[in-house]
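>>> What follows is a protein structure lacking sequence information:
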């Protein structure tokens with residue numbers, strides 16, 4: 001999962017003191033702003049419109065009063081419930097073929113590819129120096145402490161830094177802040193946590209709320225939500241602030257942990273005034289997990305006078321697109337504009353994506369042309385958006401046109417978008433050509449580029465080329481992280497080598513190469529289920545449960561029970577297993593359990609009775 005770069009105005013502008021100006025700026029940005037995927041992708045810009053006066057919350061008011069009200073936004077909020085209910089009925093249907101749940105290609109596209117573009121377009125990698133000027137992330141120096149840690153990837157950080165200090169090096173707050181930034185940038189959260197713990201053990205840990213929030217974030221990412229919550233209890237009340245709880249909440253959203261997310265949110269309601277950030281986080285969680293709760297949450301925001309933000313609208317627009325309610329999506333955009341809020345690039349990209357998914361090619365292309373503007377040379381930042389956007393709607397010539405503008409002096413990010421775009425168009429040789437030019441221009445390409453190329457091979461089931469690239473990555477000693485491992489897992493599963501795919505996840509876990517995605521485990525679990533391999537399915541399920549620390553859902557159990565059904569083996573106490581994880585089987589799951597019940601009587605036996 002990606003990290004959050006922008007949080008709400010209230011939290012971002014909070015004064016966080018530290019021993020160094022640079023340390024204060026960089027460390028404060030690295031807590032909540034690095035936690036949640038969607039906020040990172042979209043960027044949060046708070047609206048100053050009064051929430052009660054917006055039609056968005058008039059919708060919630062109408063929903064809770066007269067059912068005969070014809071307010072346009074009442075229909076929108078009513079749609080939140082009706083659409084979610086109809087979707088739940090679809091979930092209750094038993095598939096005709098014996099197959100566990102699969103990942104929707106469109107959903108996968110929406111959550112991965114275009115979100116990457118959004119990171120590149122509006123969320124530029126910039127930090128502030130002490131004077132407040134913006135510094136591009138690529139110009140932030142790599143400090144001596146950082147180099148020492150990166151030079152010994154297999155050694156514990158405490159051992160590395162003990163020797164580093166003995167060699168006469170000084171530990172400064174600037175050195176600490178920039179090292180933490182570089183480790184987070186590389187998604188080396190385990191190393192970052194080791195650094196934080198070493199700082200505390202050696203007396204260099206500054207006990208301000210931003211540093212405590214950083215520890216909470218790292219604990220949640222590396223050791224799970226429970227350990228992060230335990231740490232919060234140890235923080236002195238004077239610095240156990242809202243930013244600490246918001247960090248934990250954002251991690252609950254990232255892991256789709258609804259019970260814990262709601263618990264943290266309710267605790268924050270008692271301790272602090274509700275903010276747009278915390279409300280948006282829960283709204284985002286419901287969009288991902290339980291869309292039926294969105295309407296009630298909007299009513300709560302109206303009741304508590306919480307201001308709507310651009311991101312609030314962004315979530316609702318994306319939600320409407322996900323359920324293929326394009327008319328509803330467009331009405332929300334009209335509501336935004338009526339409130340004087342113009343859709344930003346992130347919202348435009350989201351709309352273009354949903355138009356493309358629903359085959360509304362002209363509307364999708366019109367938005368891309370609007371993003372492009374009249375002068376793409378001066379709007380060079382838009383090239384990353386356009387390469388992928390045009391690829392999604394199959395406009396190969398437009399991709400070539402934009403790529404032609406980039407080619408004379410191609411930027412790192414443009415190579416990444418080009419590889420993905422050519423992959424989407426099935427132009428493998430062009431993707432390989434872009435990757436080759438990248439390796440010639442840059443001595444050490446980003447791991448993201450290797451991951452993108454692996455994904456191209458995986459999507460087109462080119463196992464041999466994928467294996468060859470995987471071998472090169474291993475020889476270079478690169479840690480491709482959870483995203484790269486996910487691409488490799490899908491590559492090997494598509495090739496029928498599920499055992500190899502499982503070994504990749506186990507190696508990543510053992511060598512602390514970044515916590516594998518839950519979706520990666522589910523791909524392996526689904527394949528074992530399809531094969532009717534109960535032993536393999538139970539092994540993967542057990543590793544997810546005992547070692548992964550993932551939030552549990554009915555879908556995980558659905559995959560597991562399909563392994564028993566396809567193997568024609570009885571299953572005992574399955575409903576009880578689910579209840580121990582605080583899960584109640586829905587109708588579809590109950591029917592599946594009944595089918596695998598060894599004590600179930602046949603229709604003939606029931607007639608004889």
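Yep, that arrived. Quick caveat, the model's predicted, so the values are computed rather than measured. Numbering: from 1, shown residues only.

>>> Which parts of the stretch 251-400 of the chain are helices?
The residue ranges that make up the helices of the stretch 251-400 of the chain, judged by DSSP state H, counting those that start in this stretch, are 258-271, 276-289, 294-303, 310-322, 326-338, 345-357, 361-372, 383-392, 396-406.

>>> Would you mind finding the most buried of the ones you listed?
Per residue and on average, the most neighbours among these fall to helix 383-392, with a mean of 26 (mean count of other Cβ atoms under 10 Å). No exception for glycine: its C-beta is placed from N, CA and C like everyone else's.

>>> In the helix or strand harbouring residue 177, which residues are buried?
Per DSSP states H and E: residue 177 is located in helix 173-185. By neighbour count with 16 or more other Cβ atoms under 10 Å, helix 173-185 contains the buried residues 173, 174, 175, 176, 177, 178, 179, 180, 181, 182, 183, 184.

>>> Hmm, residue 206 and the first one touching each other?
Spelled out, that is residue 173. Yes. Taking contacts as Cβ atoms under 8 Å, residue 173 lies within contact range of residue 206: 7.0 Å.

>>> Not counting its neighbours along the chain, what's nearest residue 434?
In space, not counting the residues next to it along the chain, residue 434 is nearest to residue 418; the distance is 4.4 Å by Cβ to Cβ, 6 or more residues apart in numbering.

>>> Touching, the one you found and residue 405? I think so.
No. Judged on Cβ under 8 Å, residue 418 makes no contact with residue 405 at a distance of 11.4 Å.

>>> State the number of residues packed around residue 500.
Look at residue 500: counted by other Cβ atoms under 10 Å, it has 15 neighbours.

>>> Hmm, residue 492 and it touching each other?
Yes. The pair residue 500 and residue 492 qualifies as a contact (Cβ under 8 Å) at a distance of 4.6 Å.

>>> Look at residue 572 and tell me its secondary structure.
Here residue 572 takes the coil state, with states given by DSSP: H, G, I helix; E, B strand; the rest coil.

>>> What's the local residue count around it?
Around residue 572 there are 11 residues (other Cβ under 10 Å).

>>> give the contact list for the closest residue to residue 301 other than its chain neighbours.
Across the structure, with Cβ to Cβ, 6+ apart as the measure, the residue nearest residue 301 apart from its sequence neighbours is residue 279 (5.1 Å). For residue 279, the set of contacting residues under the criterion of Cβ atoms under 8 Å, 6 or more residues apart in numbering consists of 297, 300, 301, 304, 306, 312.

>>> Could you export the residues you listed as CSV, including pLDDT and distance to residue 558?
As requested, those are arranged in CSV below (pLDDT from 0 to 100; distance: Cβ to Cβ, whole Å):
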residue, pLDDT, distance to residue 558
297, 94, 26
300, 93, 31
301, 93, 33
304, 91, 36
306, 90, 36
312, 93, 32
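
>>> Make a markdown table from those and add distance to residue 329 to it.
Below are these laid out as a markdown table (distance: Cβ to Cβ, whole Å):
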| residue | distance to residue 329 |
| --- | --- |
| 297 | 19 |
| 300 | 23 |
| 301 | 20 |
| 304 | 26 |
| 306 | 23 |
| 312 | 14 |
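
>>> Identify, from those residues, the entry nearest to residue 318.
Using Cβ to Cβ, residue 312 is the member of those that sits closest to residue 318, with 11.1 Å.

>>> Quickly note the distance from the closest one to residue 301.
8 Å (Cβ to Cβ, to the nearest Å).

>>> Between the two, which contacts overlap?
Listed as contacting both residue 312 and residue 301 by Cβ under 8 Å, 6+ apart are 279, 283.

>>> any weak-confidence spans in the stretch 101-250 of the chain?
Counting by pLDDT under 70, the low-confidence segments of the stretch 101-250 of the chain come to 101-139.

>>> Kindly report the same for the chain.
Scanning the chain with the threshold set as pLDDT under 70 gives 1-139, 547-552, 598-609.

>>> okay if I get the buried residues of helix 173-185 as a markdown table plus distance to residue 140?
Formatted as a markdown table, the buried residues of helix 173-185 follow (distance: Cβ to Cβ, whole Å):
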| residue | distance to residue 140 |
| --- | --- |
| 173 | 15 |
| 174 | 11 |
| 175 | 13 |
| 176 | 14 |
| 177 | 10 |
| 178 | 6 |
| 179 | 11 |
| 180 | 12 |
| 181 | 7 |
| 182 | 8 |
| 183 | 13 |
| 184 | 12 |
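
>>> for the helix holding residue 177, packing partners?
The contact analysis (3 or more Cβ pairs under 8 Å, 6 or more residues apart in numbering; DSSP states H and E) places helix 173-185 against helix 21-29, helix 144-151, helix 189-201.

>>> still on that earlier bit, and of the buried residues of helix 173-185, the nearest to residue 519?
When these are compared for distance to residue 519 (Cβ to Cβ), residue 184 comes out closest, at 22.2 Å.

>>> How much space separates the closest one from residue 196?
As judged by Cβ to Cβ, residue 184 and residue 196 stand 11 Å apart.

>>> just residue 573 next, same as before
In this structure, residue 573 lies at 42 Å from residue 196, with Cβ to Cβ as the measure.

>>> So what touches stretch 565-585?
With Cβ under 8 Å, 6+ apart as the criterion, stretch 565-585 contacts 98, 259, 529-534, 552-554, 557, 561, 564, 589-590, 592-593, 595-598.

>>> Now a ChimeraX select for only the buried ones of those residues.
In ChimeraX, selecting the buried portion of the contacts of stretch 565-585, with burial taken from 16+ other Cβ under 10 Å, looks like this:
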select :529,530,532,533,534,552,553,554,557,561,564,589,592,593,596
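
>>> ok, residue 573 and residue 196, which is more surrounded?
Under the neighbour definition other Cβ under 10 Å, residue 573 and residue 196 were set side by side, and residue 196 has more, 22 against 10.

>>> ok, now which ones touch the more buried one?
Counting by Cβ under 8 Å, 6+ apart, residue 196 makes contact with 180, 205, 211, 214, 215, 218.

>>> What values do phi and psi take at the fifth one?
The reference is to residue 215. phi -60, psi -40 (degrees, to the nearest 10).

>>> just checking, it touches residue 234?
No. Taking Cβ under 8 Å as the contact criterion, residue 215 and residue 234 are not neighbours in contact, 9.9 Å apart.

>>> Those two: which is more packed in?
In this comparison of residue 215 against residue 234, neighbours counted by other Cβ under 10 Å, the higher total goes to residue 215 at 24 against 9.

>>> three-state assignment of the nearest residue to residue 507 once chain neighbours are set aside?
Leaving aside its sequence neighbours, residue 507 sits nearest to residue 513 (Cβ to Cβ, 6+ apart; 7.4 Å). Three states are possible here, and by three-state DSSP the one that applies to residue 513 is coil.

>>> Can you report how many residues neighbour residue 513?
21.

>>> who are the neighbours in contact with it?
Contacts of residue 513 were listed using Cβ under 8 Å, 6+ apart, and they are 479, 481, 485, 507.

>>> before we move on, the earlier item: most neighbours per residue, which of the helices and strands packed on helix 173-185?
Neighbour counts (mean count of other Cβ under 10 Å) averaged over each of the helices and strands packed on helix 173-185 peak at helix 21-29, with a mean of 22.
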